[in-house]
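Trainee: Build me a model from this:
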Amino acid sequence: MKLARRLHAIKPSPTLALNARAKALAAAGEDVVGFAAGEPDFDTPSHIKRAAVQALDDGFTKYTATAGTPELRAAICEKLKADNGLSYTPEQVVVSNGAKQCLYNFFQALLDEGDEVIIFNPAWVSYPEMVALAGGTPVLVPTREEEGWVPDPELFARAITPRTRAVVLNSPSNPTGAVLSAEALSALARVLERHPEVVVVTDDIYEKLLYTGRPFVEVLNVAPQLADRTLVVNGLSKAFAMTGWRLGYAAGPKALIAAMQMIQDQSTSNASSIGQRAAVAALQGPKDTVEVMAREFLARRDLFVAGLRALPGVRIRPPDGAFYVFPSVHGLLGKRHRGKPLQGSVQISQVLLDDYRLAAVPGEPFGGEGHLRLSFAASRATIEKGLARLRDFVGGLTG
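Mentor: Residues are numbered from 1 along each chain as shown. Here you go, the predicted structure:
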């Protein structure tokens with residue numbers, strides 16, 4: 001069977017593939033420590049689940065408007081105003097099957113063949129693939145660990161060409177956990193002011209998982225003049241432990257939102273009606289579970305960082321947000337495992353899963369070769385067990 005040429009432009013998701021293999025090993029009875037999944041290990045709060053049950057009891061099981069129910073879109077506007085100081089009307093909001101679909105719809109609505117999108121590396125693996133699927137060209141601008149993975153505005157400015165259509169911001173970041181301060185965002189905004197044709201998409205999915213002691217800052221908080229060309233993307237997955245519910249949303253200029261809705265009209269139509277009722281309960285209900293989860297993630301982060309710092313050849317910068325550590329394993333490259341030299345993060349990841357039953361995502365697909373992405377969305381006991389296996393791995397290397 002002949003398949004579409006566009007498939008040649010993209011690669012399978014390494015995080016999903018690794019997580020699937022780890023789950024298959026676990027299902028076969030293997031004792032696998034999983035640090036690959038990008039989802040909280042907490043249960044969805046009970047009041048949110050009750051809202052879904054009530055939706056079922058009410059028979060709220062039919063199609064909704066593609067962009068979402070009026071109730072949910074209004075609740076999203078209230079959330080953006082209260083939490084982020086941003087003013088939107090329901091007509092400027094679209095609800096999708098996860099923040100990922102919002103991003104996909106955005107690139108499909110915005111890009112023509114050959115248009116360029118700037119992505120700051122290391123970055124979530126799906127950004128460049130979604131750009132490529134829309135016919136665009138991802139332009140990967142490196143960031144540096146020693147600079148806190150914060151984008152350099154000069155490198156950003158030099159990467160902009162007449163073909164540049166958009167730039168992706170992600171704070172807190174997957175995979176690095178970097179958080180962009182008001183100062184860092186202001187520096188990027190000053191570059192954008194010189195390029196009015198460049199659209200901004202900001203992926204805020206980890207906004208509630210911060211360890212800086214400072215409030216979350218949106219690019220529009222420091223540069224409100226960019227509102228007519230900025231799309232804010234967020235969702236319920238991370239903050240409310242609702243990954244499987246597939247509820248995300250985007251807010252932005254009416255013309256862009258209408259275009260994204262048109263894409264969704266002809267693909268999936270509305271997100272789950274039951275999930276939308278649950279999302280309203282999440283946004284309007286108590287937030288104490290979010291705070292409890294964030295505090296526990298902070299404790300786990302500190303546990304992970306302390307354990308990684310004790311490993312020779314491993315360097316770690318504590319993440320300021322999200323739930324990933326992104327340690328450098330450059331100091332292990334060239335050493336030998338069972339007589340074979342370690343040549344990259346993909347090989348290390350394979351060895352860890354094959355020989356130590358530890359699922360760790362290689363940094364290479366994120367644009368962070370020489371690093372591993374380890375999720376601390378796992379219990380403290382699981383983290384301790386995983387650190388012990390990492391110690392065994394590092395301790396067994398030679399050369």
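Trainee: Please enumerate the helices of the stretch 201-350 of the chain.
Mentor: 219-222, 254-265, 273-284, 288-309, 345-356 (DSSP state H, counting those that start in this stretch).
Trainee: export those helices to a markdown table and tack on mean neighbour count and mean pLDDT?
Mentor: Glycine gets a C-beta too; all of them are placed from N, C-alpha and C. Formatted as a markdown table, those follow (neighbours: other CB atoms under 10 Å; pLDDT from 0 to 100):
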| stretch | mean neighbour count | mean pLDDT |
| --- | --- | --- |
| helix 219-222 | 20 | 98 |
| helix 254-265 | 18 | 98 |
| helix 273-284 | 23 | 98 |
| helix 288-309 | 17 | 97 |
| helix 345-356 | 19 | 95 |
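Trainee: out of the ones you listed, nearest to residue 124?
Mentor: helix 345-356 (16.1 Å; CB to CB).
Trainee: circling back: for residue 50, find the nearest of the helices of the stretch 201-350 of the chain.
Mentor: Comparing these by CB to CB, helix 273-284 comes nearest, at 7.5 Å.
Trainee: Quick one: list the elements packing against that closest one.
Mentor: Applying 3 or more CB pairs under 8 Å, 6 or more residues apart in numbering; DSSP states H and E, we find helix 273-284 packed against helix 46-57, helix 70-84.
Trainee: which of those helices is buried the deepest?
Mentor: helix 70-84 (a mean of 18; mean count of other CB atoms under 10 Å).
Trainee: Checking the spatially most central residue of the chain next. Helix, strand or coil?
Mentor: Among the residues of the chain, the one closest to the centroid is residue 174, at 4.7 Å (CA atoms, centre = their mean). Using DSSP: H, G, I helix; E, B strand; the rest coil, the structure places residue 174 in coil.
Trainee: Look up how far residue 314 lies from it.
Mentor: 20 Å (CB to CB, to the nearest Å).
Trainee: Quick check: closest non-adjacent residue to residue 155.
Mentor: residue 141 (5.3 Å; CB to CB, 6 or more residues apart in numbering).
Trainee: same question but for residue 212, I mixed them up
Mentor: Here the residue nearest residue 212, using CB to CB, 6+ apart, is residue 320, at 5.0 Å.
Trainee: Now do the end-to-end distance for stretch 111-128.
Mentor: Length of stretch 111-128, first residue to last, CA to CA, to the nearest Å: 13 Å.
Trainee: Which positions in that stretch come out as buried?
Mentor: The neighbour-count check on stretch 111-128 (16 or more other CB atoms under 10 Å) flags 111, 115-128 as buried.
Trainee: hang on, residue 207 packs against residue 172?
Mentor: Yes: assessed by CB atoms under 8 Å, residue 207 is found in contact with residue 172 at 7.2 Å.
Trainee: Outline the domain layout of this structure.
Mentor: Following automatic domain parsing, the chain resolves into domains at 5-43+289-395, 62-284.
Trainee: how about those domains, which one is nearest residue 51?
Mentor: domain 62-284 (3.5 Å).
Trainee: returning to that earlier point: distance of the residue nearest to residue 155 relative to residue 331?
Mentor: 26 Å.
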